[in-house]
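Participant: Sequence and predicted structure, then a few things I'm wondering about:
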Amino acid sequence: MRPLSVPHVDALDLFRSQLRDFVAAVDELGDQELLGGSRCYGWSRLDLVVHVRMGLEEVVGGCTAQTGRAPDHDAASYWSASVERDDDPVPHILWLRRTASAYGRPSAAVRHLHDVAARLAPALDRLPEEPVAFQGTVMTSGDFLASWVVELTVHQLDLDLDPGSPSPGPEALALTRRTVEAIADQDLPAALDDRTGVLVGLGRTTPPPGVELPRPAYPVTAR
């Protein structure tokens, strides 16, 4: 795995931008569309929105979780720790379905997402450039935010929206590609644009004709 770190200011700007893009994409979906399938195995789009909302609530807490300990993970190795914690995804998939089904309508989950996004704004304003303890890891504040740029970017692609719908920004896609390549310690084929490279590198889609992925580096396992 390659090291990957992102400066605090760059990650903060990118996180704010990608959060807006993700929320805008979700806002495009009505109740019926939210009940449709996503690219995430076993998840509807509603499940995915609830998953992201719960994660963002953790990010709010992470913004106040400064520590004097030295970072032990960066923006790439955080994902290997995540996989180790979740080697059997089935119980979480089923738990998430039950949680999402508690909403009276899917649109209520979208309103809840907006509420959490609004709470994040002042938390981000106060986030100092100090190490953050998050989900059993310690990261620089920039790498903490960068990991969530990737989370939001991948899950926006997982919404599997029609062409013309809000898409992750080019900088967020580029960072996500760099993260996937750092996890794999292997570059994706240059013929793949960043959006396609992320989807193929994570195993969400198959490579286009004539493009082969380096094996066994790909697809990487990172939810």
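Facilitator: Nice, I can see it.
Participant: can you pull out the strands in this protein?
Facilitator: 132-134, 137-139 (DSSP state E).
Participant: Include distance to Gly201 when you put those strands into JSON lines, please.
Facilitator: Where you see a C-beta, it was placed from the backbone N, CA and C, and this is true even at glycine. As requested, those are exported to JSON lines (distance: least, Cβ to Cβ, whole Å):
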{"stretch": "strand 132-134", "distance to Gly201": "24"}
{"stretch": "strand 137-139", "distance to Gly201": "22"}
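Participant: As CSV, these with mean pLDDT would be great.
Facilitator: Listed next are these as CSV, based on pLDDT from 0 to 100:
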stretch, mean pLDDT
strand 132-134, 98
strand 137-139, 98
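Participant: Export those as JSON lines, with columns for mean neighbour count.
Facilitator: JSON lines is the format used below for the strands of the chain (neighbours: other Cβ atoms under 10 Å):
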{"stretch": "strand 132-134", "mean neighbour count": "21"}
{"stretch": "strand 137-139", "mean neighbour count": "21"}
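Participant: Leu152: which of those is closest?
Facilitator: Nearest to Leu152, of all those, is strand 132-134, at 15.4 Å by Cβ to Cβ.
Participant: so what does the closest one touch, helix or strand wise?
Facilitator: Of the remaining helices and strands, those touching strand 132-134 by 3 or more Cβ pairs under 8 Å, 6 or more residues apart in numbering; DSSP states H and E are helix 45-62, helix 141-158.
Participant: of all those helices, which gets the most neighbours per residue?
Facilitator: Mean neighbours per residue, mean count of other Cβ atoms under 10 Å, is largest over these for helix 141-158, with a mean of 26.
Participant: Where does the prediction get shaky in this structure?
Facilitator: 82-87, 222-223 (pLDDT under 70).
Participant: With adjacent residues omitted, what lies nearest to the residue nearest the centre of it?
Facilitator: The centroid of the chain falls nearest to Glu151 when counting by Cα atoms, centre = their mean (0.6 Å). Using Cβ to Cβ, 6 or more residues apart in numbering and skipping the chain neighbours, the partner closest in space to Glu151 is Gly55 (6.4 Å).
Participant: Next one: that neighbour from Val116, what distance?
Facilitator: The gap separating Gly55 from Val116 is 9 Å, by Cβ to Cβ, to the nearest Å.
Participant: cool, and Pro128?
Facilitator: 21 Å.
Participant: Please, where are all the helices along the chain?
Facilitator: Under the criterion DSSP state H, the chain contains helices at 8-27, 31-34, 45-62, 77-85, 90-100, 106-125, 141-158, 170-184, 194-201.
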